[in-house]
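**Q** 3D, please:
(2 chains)
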Amino acid sequence: MLDPRHVADHLDEIRASMARRGPAAAALLDDALASHVRGRRECIVRGDALRHAQKESNAAMARMDKKSPEFAARRDELRRTSDEVKELEARQKEHEAAIELALLAIPNTPHEACPPGTSSEDNPVVRTWGEKPDVPTPKPHWDIGTALGILDFDRATKISGPRFAVLLGQAARLERALITFMVDLHAREHGYREIWVPAIVARRTLRGTGQLPKFEQDVFRLVKGASLVAAEAEASEAGAATGEDADLFLSPTAEVQVTNLYGGEILESLPIAFVAYAPCFRSEVGSYGKDVRGLIRRHQFDKVELVRICRPERSMEELELLVGHAETVLKRLGLHHRVVELCAGDLGFAATRTYDIEVWLPGEGAYREISSCSNCTDFQARRASIRFRDDKRNRLVHTLNGSGLAVGRTMVAILEQGLQPDGSVRVPDALVPYFGSDRIVAE
RNA sequence: GGAGGAGUGGCCGAGUGGUUUAAGGCAGCGGUCUUGAAAACCGCAGGCUCCGUAAGGUGCCCGGGGGUUCGAAUCCCUCCUCCUCCGCCA
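**A** Residues are numbered from 1 along each chain as shown, chains lettered A, B, ... in the order given. This next block holds a predicted model:
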């Protein structure tokens, strides 16, 4: 969420910045928002003055003879003041609701350094690591995995539906090995504190990081047991606005849980760095026909997530640090990859600046995203209200997150880059102690 | 799922319609005293919002929301959370 005062006072400036994301984003910033901000302020100024007078009068009444005509006169007068205060408060709330409604739909402004562009075609390559490995007959990973007998997509569809996977034998073991390897690397060498969080989150949590309200279609919402649903319907009939808030969702990324961990708090020491292994769930309704085969795009996948919370002035340095940590995973695994920077038009909702790490997939003949590292500045911190004490003043922190890495996609890269002429797959040296073998062979 | 109880500042804990600007204590910070420390004493201490260049000030905040009243921590409604017991359960 952007700062409403700042938006109201610098409307043209913000609109120009937002135009770099595209015309639709810029159009979200209309003059109505600024007028609501002013209207709210007017209600507060007038209301505060009235309440001040009301308070003094009430104090006087406390000392008066409750049966005197003066008391009755004062009471009648204050009755009118009270009505006016209530009306002002109602108007103030309307303004605030309008402001929030508008702001929740507005994405973060792109950083000055964020390159111009409208789509992923325009993302400049920042650096490339390693060489394309010599794979004589490249194959897509689903063919490799199915031939080895370690991936089963048909049976996954049978038990759960499309866009799920079953991992067998060495693949299941590789998944575990990768998770442990990645968490160990970040926890032991990069200074992150390990954290394990629930996979199910409340609506307010998704709102804090910006997934809701705008991207409700991208997440899975849970339906509770019949009796609870009935109780909920009863509650909303009674006029309570809590029914909606009682909803639970499957988290699409641990960024959600970990970033919101300190929501509403004032932090004593920064920076904070967490590494979390967590399952992620995405509905993928907007990607029909895209990556339908294989492990690339599933409804459920594992991810090791890095989250950093820091002082505002440090966040750009922290972003570089974060990308470096994520990239180290691929370097240790010897997987050829490149780092691109997202152009303004390709930027995620909460991000001001983002680096994507793209790993080389020989079977596909393309680089594919395996990590996305973003600086969200104070956008999420404002929504979630995460602050720190800075010399007597409370300020919003900056939040950053990045995958370190997407586990399934890492497995894809290992299978495709490590494919040997005999159909077996070479396991990266760094992973051998975790996996227990230097080769994946047919089962 | 059933029955009961409880939510007050960083923590403990008074307070059942009007000098309560929330008593008191502990922890915290600053100071006096001391060679140093402790003790004692004095003082300062929260969040949000709005006005203001600032200094400073207004208003709001006793789990959340709504209501009654001239006036609510206190009365009413509602939701949430936690605790205890029973049942079920990996």
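**Q** pretty sure residue A:399 is in contact with residue A:309, am I right?
**A** Yes - at 5.5 Å, residue A:399 counts as touching residue A:309 under the criterion of Cβ atoms under 8 Å. Where C-beta positions appear, they are placed from N, C-alpha and C, glycine not excepted.
**Q** Now for the two: what residues contact both?
**A** Taking Cβ atoms under 8 Å, 6 or more residues apart in numbering as the contact criterion, the common neighbours of residue A:399 and residue A:309 are A:259, A:386.
**Q** With neighbour numbers in mind, choose between those two.
**A** residue A:399 (31 against 25; other Cβ atoms under 10 Å).
**Q** which SS state does the more buried one fall under?
**A** What DSSP: H, G, I helix; E, B strand; the rest coil gives for residue A:399 is strand.
**Q** can you pull the contacts of it?
**A** A:259, A:307, A:308, A:309, A:376, A:377, A:379, A:380, A:381, A:386.
**Q** confidence score at residue A:237?
**A** Looking at residue A:237, its pLDDT stands at 36.
**Q** And the one 5 residues further on, by the same measure?
**A** pLDDT recorded at residue A:242 is 40.
**Q** what's the answer for the one 4 residues further on, then?
**A** In this prediction, residue A:246 carries a pLDDT score of 68.
**Q** next one: residue A:168
**A** Value listed for residue A:168 in the pLDDT field: 97.
**Q** ok, for it, nearest residue in space, not its chain neighbours?
**A** Spatial nearest neighbour of residue A:168, excluding adjacent residues (Cβ to Cβ, 6 or more residues apart in numbering): residue A:150 at 5.0 Å.
**Q** what's the answer for residue A:187, then?
**A** Nearest to residue A:187 is residue A:194, by Cβ to Cβ, 6+ apart, at 4.8 Å.
**Q** what are the pairing partners of the strand or helix carrying the one you found, and which direction each?
**A** Element membership of residue A:194 [criterion: DSSP states H and E] is strand A:193-195. Using DSSP bridges, strand A:193-195 pairs in its sheet with strand A:272-281 (parallel).
**Q** The helix or strand that the partner strand is followed by packs against which elements?
**A** Downstream of strand A:272-281, the first helix or strand assigned by DSSP H and E is strand A:300-310. For strand A:300-310, the elements it packs on are helix A:170-184, helix A:254-260, strand A:272-281, helix A:315-332, strand A:398-406, helix A:407-417, judged by 3 or more Cβ pairs under 8 Å, 6 or more residues apart in numbering; DSSP states H and E.
**Q** so which of these comes closest to residue A:51?
**A** Residue A:51 sits nearest to helix A:254-260 of all those, at 34.0 Å, using Cβ to Cβ.
**Q** My read is that residue A:200 contacts residue A:256, right?
**A** No - applying Cβ under 8 Å as the test, residue A:200 and residue A:256 come out as separate, 10.6 Å apart.
**Q** Using the three-state scheme, assign the residue of the stretch 301-443 of chain A at minimum distance from RNA strand B.
**A** Proximity to RNA strand B, evaluated over the stretch 301-443 of chain A using Cβ to the nearest atom of the strand, is greatest for residue A:394 at 3.9 Å. State at residue A:394, reduced to three classes by three-state DSSP: strand.
**Q** Can you give me the neighbour number for residue A:403?
**A** Quick note: residue A:403 (other Cβ under 10 Å) scores 26 neighbours.
**Q** Quick one: neighbours of residue A:84, just the number.
**A** Count around residue A:84 with other Cβ under 10 Å applied: 13.
**Q** Please apply the same query to the one 10 residues further on.
**A** Using other Cβ under 10 Å, the number of residues around residue A:94 comes to 14.
**Q** Next up, identify which helix or strand it is on.
**A** helix A:69-104.
**Q** anything in that helix near RNA strand B?
**A** Yes - contact between helix A:69-104 and RNA strand B, assessed by Cβ under 7 Å from any atom of the strand, occurs at A:75, A:78, A:79, A:81, A:82, A:93.
**Q** could those go into CSV alongside pLDDT?
**A** Output for the residues of helix A:69-104 next to RNA strand B, formatted as CSV (pLDDT from 0 to 100):
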residue, pLDDT
A:75, 88
A:78, 89
A:79, 90
A:81, 89
A:82, 89
A:93, 92
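**Q** now those residues as TSV including neighbour count?
**A** Below are those laid out as TSV (neighbours: other Cβ atoms under 10 Å):
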residue	neighbour count
A:75	13
A:78	16
A:79	9
A:81	14
A:82	13
A:93	12
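**Q** ok, now which ones touch the closest residue to residue A:293 other than its chain neighbours?
**A** Spatial nearest neighbour of residue A:293, excluding adjacent residues (Cβ to Cβ, 6+ apart): residue A:142 at 5.3 Å. Going by Cβ under 8 Å, 6+ apart, residue A:142 touches A:151, A:153, A:293, A:294, A:295.
**Q** what about the host helix or strand of residue A:61, near RNA strand B?
**A** When elements are assigned from DSSP H and E, residue A:61 belongs to helix A:31-63. Yes - on the criterion Cβ under 7 Å from any atom of the strand, helix A:31-63 is in touch with RNA strand B at A:41, A:44-45, A:47-49, A:51-52, A:54-55, A:57-59, A:61-62.
**Q** just the buried members of these?
**A** Buried members of the residues of helix A:31-63 next to RNA strand B, counted by 16 or more other Cβ atoms under 10 Å: residue A:47.
**Q** and which of the residues of helix A:31-63 next to RNA strand B is nearest residue A:137?
**A** Comparing the residues of helix A:31-63 next to RNA strand B against residue A:137 with Cβ to Cβ places residue A:41 closest, at 68.5 Å.
**Q** Distance check, the closest one against residue A:339.
**A** 45 Å (Cβ to Cβ, to the nearest Å).
**Q** Check the burial of residue A:122 by counting its neighbours.
**A** Count around residue A:122 with other Cβ under 10 Å applied: 15.
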